[in-house]
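Asks: A predicted structure for the sequence below; I have some questions about it.
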There are 4 protein chains.
Amino acid sequence: MVIVLKKDISDSDKNSLKDFLAQKNFKLNEVSGEEETILAAVGKMHMDPVELETKPGVSRVIPISKPYKQASREFKRENTIVEIPNCRGQVIRVGGQRVVAIAGPCAVESREQIFEVAGAVASSGASMLRGRAYKPRSSPYAYQGMGEEGLKLLREAGDKFGLPVVTEIVSGELIPLMSDYVDVFQIGSRNMQDFDLLKKVGATGKPVILKRGYTATLEEFLMSAEYLLASGTENVILCERGIRTFEHSTRNTLDLSAIPVLRRLTHLPIIVDPSHALGQRDLVPPMGLAAIASGADGIMVDVHSAPEKALAGGAASILP
Amino acid sequence: MVIVLKKDISDSDKNSLKDFLAQKNFKLNEVSGEEETILAAVGKMHMDPVELETKPGVSRVIPISKPYKQASREFKRENTIVEIPNCRGQVIRVGGQRVVAIAGPCAVESREQIFEVAGAVASSGASMLRGRAYKPRSSPYAYQGMGEEGLKLLREAGDKFGLPVVTEIVSGELIPLMSDYVDVFQIGSRNMQDFDLLKKVGATGKPVILKRGYTATLEEFLMSAEYLLASGTENVILCERGIRTFEHSTRNTLDLSAIPVLRRLTHLPIIVDPSHALGQRDLVPPMGLAAIASGADGIMVDVHSAPEKALAGGAASILP
Amino acid sequence: MVIVLKKDISDSDKNSLKDFLAQKNFKLNEVSGEEETILAAVGKMHMDPVELETKPGVSRVIPISKPYKQASREFKRENTIVEIPNCRGQVIRVGGQRVVAIAGPCAVESREQIFEVAGAVASSGASMLRGRAYKPRSSPYAYQGMGEEGLKLLREAGDKFGLPVVTEIVSGELIPLMSDYVDVFQIGSRNMQDFDLLKKVGATGKPVILKRGYTATLEEFLMSAEYLLASGTENVILCERGIRTFEHSTRNTLDLSAIPVLRRLTHLPIIVDPSHALGQRDLVPPMGLAAIASGADGIMVDVHSAPEKALAGGAASILP
Amino acid sequence: MVIVLKKDISDSDKNSLKDFLAQKNFKLNEVSGEEETILAAVGKMHMDPVELETKPGVSRVIPISKPYKQASREFKRENTIVEIPNCRGQVIRVGGQRVVAIAGPCAVESREQIFEVAGAVASSGASMLRGRAYKPRSSPYAYQGMGEEGLKLLREAGDKFGLPVVTEIVSGELIPLMSDYVDVFQIGSRNMQDFDLLKKVGATGKPVILKRGYTATLEEFLMSAEYLLASGTENVILCERGIRTFEHSTRNTLDLSAIPVLRRLTHLPIIVDPSHALGQRDLVPPMGLAAIASGADGIMVDVHSAPEKALAGGAASILP
């Protein structure tokens, strides 16, 4: 942590700041120059920069160490591989050598739909089936999903085609019900900082796909992963899905440079969902390919908005 | 709703699109030009633009009508005034003639702290006391608040000084417990799109201060208000608190133009929290004043980060 | 400057880094902790952080001192007041006690128009007349302004009503021509980082209104002011006019917190143009007031998009 | 163009609006519903939406047709291939079957440097040599480049290795001087909306690499290309180089979805510069690959910040 002092800081303010930090076991080192005075503070404790910045004579606080621990590459050198067994005793590995494709409709709508899609994605080489039974909708008047009936259909379809199932959880209260049907919980972009939900889902120990908030920095993203890890699961898969920017020709801007940056910062597997960022069917195949080229461990595609073509053009053609 | 057709749309695709819309009771009108063909569709039903954009031959869908109803100025012409009684039988009115100040510490930390602050803010002219007992923290290792003990202290301090109390709710499960202590629920910026929480808090019928997600558009903000209104409360107060932009000299960018824009779009009262956007004590007084000049019904200030001065310089000096 | 070293930096890399910095006369101080090693470097020289970050073993470089000098509050404690004489021997002071209003049409369109507007703004209390003769247009097919004829009309109208004139310059080649007609050059938002233009306009010594690039950080804004100051003028007026964000209900987001932040960083006067950020007539009066409440030295309004009302409601009513 | 009318528009305002549009040869069609009234206007003329939005009774104007013409895919169906001959009579084609690599140092610094780099990039398979002789610097005190001496060295190095040379132009006045040395002009991100420069460079007829402003929408990007095309050159190469977002772990966010979106909108070739967006050497190879996977016609890499590895890992390995 680096603390930049105001030029006119009084000696007593400076001393009381130093005492405060010494009490928290920070090693201090002061460097004075003509233009600025810096206090370098090295210690183990996590301090809220804002708390320090309100102290008299402090101009700015620059955190150096990362606020997340278990999610960091320093905590665990080798890549985490999340293993998800299917009903046939096979194991899907996310984070290993093979690029994984997770596919399915945005929402489960009917038995016909989910079985048809599940069959199609299985034969295209997808490894997992996704589909929402509970949809987080920005309008209270919009369709909110099939609920438990949708979960049952998803489970049945997954079992028929040997695909583990992934579905979104929007409320901690649903955990007991959903746990019976679901192999992997998905936490959606809007809920990435619903810390209460993170704690409860993490406590189940089940694998989780954590979607990046569409306005979350990578540090915030990893802090939410830290919540999951600290709550009891080791099986967290990060999912980049686009961020909100000024550019409106696509719904969001897919941030593919996040893949190599995250790779450096964390040991967790990273997948990309190009469907939601783009909102346009014909953009999914090139961006699915680009995601894989940038180093992603897998892609998640919405086969409603980008059917066979997405998988064929995107992941499957690259899979060995 | 305006549907821009692709130049090369086939007649059969165009006809099936028209049939689809006619079934949903849309009045249609086609305008063809050399450069483009537009289908204007006017109807009552809310359609998801994405659903239409995936139909063959459709280039773009532009929604015209607002997706929120009860929150809109069209639904209710006159301004909503949210009335909050204090323990002395007086009523605080948010949205009326007087600018209201809501003040208190970021978090309740001790009996001494909350009583001292409550006394100070009461004598500075504040109308309500705020303070968190449950803090949403981006780090799982950070202090998460005093919990129920904090609620009790807040209630006691509010009652002593005649101030209704406002506190943040982070989980629907806490509603029964919190309802005993709290006059106004606050839904924080990170939870603005936690639709499950919105529905549950709305169902209590209690007044709610809804903070704008720091990356939410005004339309998304009003849609979240719509969730509250549609769930059973009429007493929703909107709170602008800064948005995330590329500018990093302040923590967020306070979007004061949101005040007159929201005023036009909605009948709900609008307050501003300058403390969290700015993160710097000396910026709060000028921006509090600017908020009031832009037409806000009140300001909410963090007296920990901007004490007596904030109130004195900000709201109180302007109050009659 | 703070240099965060990689954990695995070799001794030889560390030593060659220290030698490099010592040669540039930086005082160095190393602080090692369990989690990180920091090299604090204090010196006078401006180093490009990117150059250092490419050196082996360097993880991150955090600049501490400001890259601008003459524009900084440290360089000059007291506020700069830019003085602009009118044709009657009176002097308009920007940055002093009085809030200044600069008003006029977006573009000069005809003799009738500019005289009518000039008369109206003069009688509403405005201190200067603005209007473009050369319009920077994003379309090559759009009207590009009246050119020299527009400059003449602007000059005549200004002289008739005792208003100094402000107009935008888009090319360094126009300086000799424009200098005869213009009291204050305006550098537009899109040209804020046209360094070649900044140098040439700065060299004229004339007062300049520098508009913030709609996507410029405050540091970049002050660096462009530094170009003007370093090229020969002391009379630079900063103008906040809105930044590009994800929010699209207004054309741009007026960043009023920039006013108190800039006030702290620089001695230069600061005005606000609410017209261009908002793009909607009825938002100008409340935001003009809010700009003044936030501490602006003046406002610049477009009377075409927000006529008498803007001035009456905005600045004039507040002026003594 | 779609014009949304206010609910309470008067008949006389509506009629005068219709007359105004009819005079401009717009075909009109009015669609009235319970919630809104829409005026669909189809015509050839380009209207500034803001001009219409200031008319009484108009709520919103939504442009439908694209404001650029010559840059659009509708204007020219087949892809433009920009042909650049080298000194050996060979022709480099940008926009054809082969992915092209343009490489070189950020700035020309010395004879040794540019010859060494040119040799390295030529043997790695690069097709063109880049390097700045004039650097646009945000600080007036920073090194501004070697000037004409740098141009000479670049030309010599390019000729020795059979590489056409690309360099940035920052001022229209330099055109006569630079034209003698340069094969392809580059217009930098900060100058993308320097319309005066665009017109002058376009008038030379030389090939131009137009970098996307780091805060420009794709529509603005294409409008700047339109300036070049309308001024006399047919040889415009678009270059995505990252946009400014809230995410600060990379300098900018590389917007790779821009590639397939631009491909749909325009016939012009599109290349990607991953070096400047990322600012970190080890991110360039994965993102160079991702750029090509997304459909780019070429990549431009800074061999100073990402030497042999970038080319080897990026383009060359993919080139046949």
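Replies: Yes, it's here.
Asks: quick one: the closest residue to chain B within the stretch 151-300 of chain A from residue B:63, how far?
Replies: Taking C-beta to the nearest C-beta as the measure, the point where the stretch 151-300 of chain A comes nearest chain B is residue A:215, at 3.3 Å. C-betas here are computed from N, CA, C, even on glycine. Distance, residue A:215 to residue B:63, using C-beta to C-beta, to the nearest Å: 22 Å.
Asks: what's the answer for residue A:86, then?
Replies: 41 Å.
Asks: what do you get for residue A:223?
Replies: From residue A:223 to residue B:63 the distance is 35 Å (C-beta to C-beta).
Asks: Which one's more surrounded, the two?
Replies: Under the neighbour definition other C-beta atoms under 10 Å in any protein chain shown, residue A:223 and residue B:63 were set side by side, and residue A:223 has more, 25 against 14.
Asks: Now the phi/psi pair for the more buried one, please.
Replies: phi -70, psi -40 (degrees, to the nearest 10).
Asks: which residues of the stretch 151-300 of chain A fall in helices?
Replies: A:175-179, A:195-203, A:218-231, A:258-265, A:274-278, A:284-293 (DSSP state H, counting those that start in this stretch).
Asks: Any chance of the ones you listed in a markdown table with mean pLDDT and distance to chain B as columns?
Replies: Conversion of the helices of the stretch 151-300 of chain A to a markdown table gives the following (pLDDT from 0 to 100; distance: least, C-beta to the nearest C-beta, whole Å):
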| stretch | mean pLDDT | distance to chain B |
| --- | --- | --- |
| helix A:175-179 | 95 | 12 |
| helix A:195-203 | 95 | 4 |
| helix A:218-231 | 96 | 4 |
| helix A:258-265 | 95 | 16 |
| helix A:274-278 | 83 | 10 |
| helix A:284-293 | 94 | 12 |
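Asks: In TSV, list those along with distance to chain C.
Replies: Formatted as TSV, the helices of the stretch 151-300 of chain A follow (distance: least, C-beta to the nearest C-beta, whole Å):
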stretch	distance to chain C
helix A:175-179	32
helix A:195-203	24
helix A:218-231	13
helix A:258-265	10
helix A:274-278	14
helix A:284-293	21
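Asks: How many neighbouring residues does residue A:218 have?
Replies: 21.
Asks: so where's chain A shaky on pLDDT?
Replies: Counting by pLDDT under 70, chain A has low-confidence residues at A:33-35, A:45-46, A:50, A:304-320.
Asks: ok, back up a step: surely the residue of the stretch 151-300 of chain A closest to chain B touches residue D:247?
Replies: No. When contacts are counted by C-beta atoms under 8 Å, residue A:215 is not listed as touching residue D:247 (9.3 Å).
Asks: and for the two, which residues touch both?
Replies: Residues touching both residue A:215 and residue D:247 (C-beta atoms under 8 Å, 6 or more residues apart in numbering or on different chains): residue A:243.
Asks: the domain parsing of chain A - what is it?
Replies: Here the domain parsing of chain A from automatic domain parsing is A:2-62, A:82-316.
Asks: Which residue is the nearest non-sequential neighbour of residue A:259?
Replies: Of all residues not flanking residue A:259 in the chain, residue A:294 sits nearest, at 4.4 Å (C-beta to C-beta, 6 or more residues apart in numbering or on different chains).
Asks: picking up where we left off before, tell me the contacts of the residue of the stretch 151-300 of chain A closest to chain B?
Replies: Listed by C-beta under 8 Å, 6+ apart, the contact set of residue A:215 reads A:243-244, B:214-215, B:244, C:246, D:246.
Asks: Quick check: residues of chain A near chain D?
Replies: Selection of chain A residues close to chain D by C-beta under 8 Å from any C-beta of the partner chain yields A:215, A:217-219, A:243, A:245-250, A:253-261, A:264, A:277-278, A:282-283, A:286-287, A:289-295.
Asks: so what's the residue of the stretch 51-200 of chain A found nearest chain D closest to, chain neighbours aside?
Replies: Taking C-beta to the nearest C-beta as the measure, the point where the stretch 51-200 of chain A comes nearest chain D is residue A:66, at 11.3 Å. If the residues on either side of it in the chain are set aside, residue A:66 comes closest to residue A:72, at 5.7 Å by C-beta to C-beta, 6+ apart.
Asks: count of residues packed around that neighbour?
Replies: Residue A:72 sits with 18 neighbouring residues when counted by other C-beta under 10 Å.
Asks: quick revisit: determine which two of the contacts of residue A:215 are furthest apart.
Replies: Between any two of the contacts of residue A:215, the greatest separation by C-beta to C-beta is 13.5 Å, found for A:243 and B:214.
Asks: what are the ranges of the strands in the stretch 51-200 of chain A?
Replies: Listed in chain order, the strands of the stretch 51-200 of chain A (DSSP state E, counting those that start in this stretch) span A:58-62, A:82-85, A:91-94, A:100-104, A:128-130, A:165-168, A:184-187.
Asks: For the stretch 1-150 of chain A, which segments are assigned as helices?
Replies: Listed in chain order, the helices found in the stretch 1-150 of chain A under DSSP H, counting those that start in this stretch are A:11-23, A:49-53, A:111-123, A:148-161.
Asks: Single out the most deeply packed of the ones you listed.
Replies: Among the helices of the stretch 1-150 of chain A, ranked by average contacts under mean count of other C-beta atoms under 10 Å in any protein chain shown, first place goes to helix A:148-161 (a mean of 20).
Asks: quick check, that one touching chain B?
Replies: No. Contact of helix A:148-161 with chain B is not found when judged by C-beta under 8 Å from any C-beta; the minimum separation is 15.7 Å.
Asks: So what angle separates the directions of that helix and strand A:100-104?
Replies: Between the axes of helix A:148-161 and strand A:100-104, defined by axes from the mean of the first three to the mean of the last three C-alpha atoms, to 10 degrees, the angle is 130 degrees.
Asks: Helix A:148-161: how far from the chain's middle?
Replies: Averaging C-alpha coordinates over helix A:148-161 and over its chain gives two centres that are 25 Å apart (C-alpha atoms, centre = their mean, to the nearest Å).
Asks: by contact count, what packs against it?
Replies: When contacts are defined as 3 or more C-beta pairs under 8 Å, 6 or more residues apart in numbering or on different chains; DSSP states H and E, helix A:148-161 sits against helix A:111-123, strand A:128-130, strand A:165-168, helix A:175-179.
Asks: mind saving the C-alpha coords of that helix as PDB?
Replies: Coordinates of each C-alpha in helix A:148-161 appear next as PDB, following Å, rounded to 0.1, in the frame of the first residue of the first chain:
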ATOM      1  CA  GLU A 148     -39.600 -26.400 -11.000                       C
ATOM      2  CA  GLU A 149     -41.300 -27.900 -14.100                       C
ATOM      3  CA  GLY A 150     -38.500 -26.400 -16.200                       C
ATOM      4  CA  LEU A 151     -35.800 -27.900 -13.900                       C
ATOM      5  CA  LYS A 152     -37.400 -31.400 -14.200                       C
ATOM      6  CA  LEU A 153     -37.400 -31.200 -18.000                       C
ATOM      7  CA  LEU A 154     -33.800 -29.900 -18.100                       C
ATOM      8  CA  ARG A 155     -32.700 -32.800 -15.900                       C
ATOM      9  CA  GLU A 156     -34.500 -35.400 -18.000                       C
ATOM     10  CA  ALA A 157     -33.100 -34.000 -21.200                       C
ATOM     11  CA  GLY A 158     -29.600 -33.800 -19.800                       C
ATOM     12  CA  ASP A 159     -29.800 -37.400 -18.600                       C
ATOM     13  CA  LYS A 160     -31.100 -38.700 -21.900                       C
ATOM     14  CA  PHE A 161     -28.200 -37.300 -23.800                       C
END
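Asks: what does that helix contact?
Replies: Residues external to helix A:148-161 that are found in contact with it (C-beta under 8 Å, 6+ apart): A:86-87, A:107-108, A:110-111, A:114-115, A:117-119, A:121-122, A:129, A:131-134, A:146, A:163-165, A:167, A:177-178, A:181-183.
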